[in-house]
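1. Predicted model follows, preceded by the sequence.
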Amino acid sequence: AARGLPRPRLRRACEDRSLPCRPAEALARFCHRRGRRVPHRRGRRLHQRQLVRGHLKRHSQRQRAGRRIPERKKHVENYKKLSEKDLFPALQALSEDLEALVHVYAVGALAHHAKRHREHPRAPLKGGLTVTASPYIAVVGGVNIDIGGRSDAPLVAGDSNPGRIRSSLGGVGRNIAHNLALLGAKVRLITALGADDGAKRIEASCADLGIDLTDSLYVPDGATSTYLFLADSNGDMALAMNDMAIYEQLTPAFLETKLTTLNAAALVVLDTNLSAESIRYLGEHCTAPLFADPVSAAKAGKLEPILGRLHTLKPNRMEAELLSGVTVTDEASLYRAADTLLAAGLQRVFISLGADGVLAADHERKVHLHNLPARMVNTTGCGDAFMAALARAFLDGADLETAAKRGLAASAIAMESADTINPAMSLTAVAERIQ
């Protein structure tokens, strides 16, 4: 009996069937289960050959009798039947979204699903999985280190004003991307960053928010953009200054290398911190719907050559006057400015009117909505939140009025935070404000 006991390694293989084992250990398990003595090496080899012959014999018998073939053999046979005609259309469909992870556990199932995909392009895979592109929003624009000060009393020009100074991350492009991330959208941000501590802060923040910076440009000898603003005791911006020379590196040649990413997006949001040449290049070559934020009256003119190629524009009153050529003095002139912008080729325009709300217009209707009640703390990021809500509404297929209401709700939420971005921003919060 002692001679028949397996060695320590074989004993472990016998006791724990979950362990992977070699042929000799498999034989030891087989003998152990049947209370047999493990044969010596020569006997083991003979027994192994007998087991293999028995397995092949049973397999042939099952095949002749029409019974189920063991899964491993079945998958190998299906793999042999797989042809390029079936395989490559399926692979092409999966490659439309490189980040989609589709787990196909049986090779034989791939040919079956390729056939179904040809007949029904959105047919669900086994388990309810559907092969479809995952929509994302691409944002091309500015990322800044924001340094802001708010006076404790009315500002006095030419004097030192007591107040509070805060440093935060900002930039129109990044603010829109940040709000979009809080609203649950998948975002890819294309911007320019320097080799400094500011860039590290931005990278860490985007990583926490899930914003993809893979396509951004890194300038080794550049300085990350910095924005300085002063607000009065009411929170309204009184003066601002910026150092944004690094955005000159976002040239048409660089954007050409990112065109695949941009065209695959559900929509592209751009701001006018880009050069006029880069904005014109995006207007002429980007096939995804373009949303534009003029940023300021000084930069709004960059959008004039591509107005007809934009889907949505969100100017304020002054920027709308500049781009339309219509001086806005009353309701009638406001509607004329909107009509002029739409006649240039825009699909939608949302003219921000400050305390008077927003005028939303498309080629079918116009609606003037008033602001939602909110406690004003800081109005700096209201416009960026509005644009983010518009982009998210477009992604959700919302109509003109619903999109405008979402924009006003997001602006109200942004206004109630001392920071440019209100961390309380969410789709749920926006929906509650509208109600």
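-> That came through, no problem. Small disclaimer: the values here were computed from a predicted structure and weren't measured. Numbering: from 1, shown residues only.

2. Would you mind confirming that Ile190 makes contact with Ala138?
-> Yes. In this structure, Ile190 is within contact of Ala138 by CB atoms under 8 Å, at 6.5 Å. The way it works is simple: take the backbone N, C-alpha and C, and place the C-beta from them, glycine included.

3. Spit out the residues that contact the two alike.
-> 261-262 (CB atoms under 8 Å, 6 or more residues apart in numbering).

4. neighbours around Ser167, how many?
-> Summarising burial for Ser167: neighbours were counted as other CB atoms under 10 Å, giving 12.

5. from here on, count from 40
-> Sounds good: first residue 40 from here, last item Ser206.

6. quick check, it in a strand?
-> Yes. Under DSSP: H, G, I helix; E, B strand; the rest coil, Ser206 sits within a strand.

7. what's the distance between it and Leu398?
-> 35 Å (CB to CB, to the nearest Å).

8. So His407 belongs to a strand, correct?
-> Yes. Note on His407: a strand contains this position according to three-state DSSP.

9. Val388 in helix, strand or coil?
-> The three-state label for Val388, taken from three-state DSSP, comes out as strand.

10. Identify the bridge partners of it.
-> With DSSP bridges as the criterion, Val388 is bridged to Leu352, Ala400.

11. Give me the number of neighbouring residues for it.
-> As a burial measure, Val388 scores 27 neighbours (other CB under 10 Å).

12. can you pull the contacts of it?
-> 351-354, 359, 377, 380-381, 399-401.

13. pLDDT and distance to Lys225 added to those residues, as TSV?
-> Written out in TSV, the entries for those read as follows (pLDDT from 0 to 100; distance: CB to CB, whole Å):
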residue	pLDDT	distance to Lys225
Thr351	98	19
Leu352	97	24
Lys353	97	21
Pro354	96	27
Ala359	96	31
Ala377	97	31
Leu380	97	30
Leu381	97	30
Ala399	98	25
Ala400	97	29
Asp401	97	26
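
14. from those residues, which is closest to Asp458?
-> Nearest to Asp458 out of the contacts of Val388 is Lys353 (CB to CB; 21.3 Å).

15. How many neighbouring residues does that closest one have?
-> Per other CB under 10 Å, the neighbour tally for Lys353 reads 25.

16. OK, contacts around it?
-> Contacts for Lys353 (CB under 8 Å, 6+ apart) come out as 330-333, 388-391, 422, 425-426, 429, 446.

17. Could you tell me which of those residues are located in helices?
-> Among those, the members falling in helices (DSSP state H) are 422, 425-426, 429, 446.

18. Please identify which pair of those lies farthest apart.
-> Among the ones in helices among the contacts of Lys353, the pair separated by the greatest distance (CB to CB) is Gly422 and Leu429, at 10.7 Å.

19. okay, the two: which has more neighbours?
-> Using other CB under 10 Å, the more surrounded residue of Gly422 and Leu429 is Leu429, with 26 against 22.

20. Pull the contacting residues for that one.
-> The contact partners of Leu429, by CB under 8 Å, 6+ apart, come to 330, 351, 353, 389, 442, 445-446.

21. Quick check: of those, which has the highest neighbour count?
-> Once you tally neighbours by other CB under 10 Å, Gly446 ends up highest among these, having 28 neighbours.

22. is it true that that residue touches Val397?
-> Yes. Under the criterion of CB under 8 Å, Gly446 lies in contact with Val397, with a separation of 6.7 Å.

23. So the spatially closest residue to Gly249 that is not a sequence neighbour, which state does it fall into?
-> Excluding its sequence neighbours, the residue lying closest to Gly249 (CB to CB, 6 or more residues apart in numbering) is Ala220, at 5.8 Å. Ala220 falls in the helix class when you classify it by three-state DSSP.
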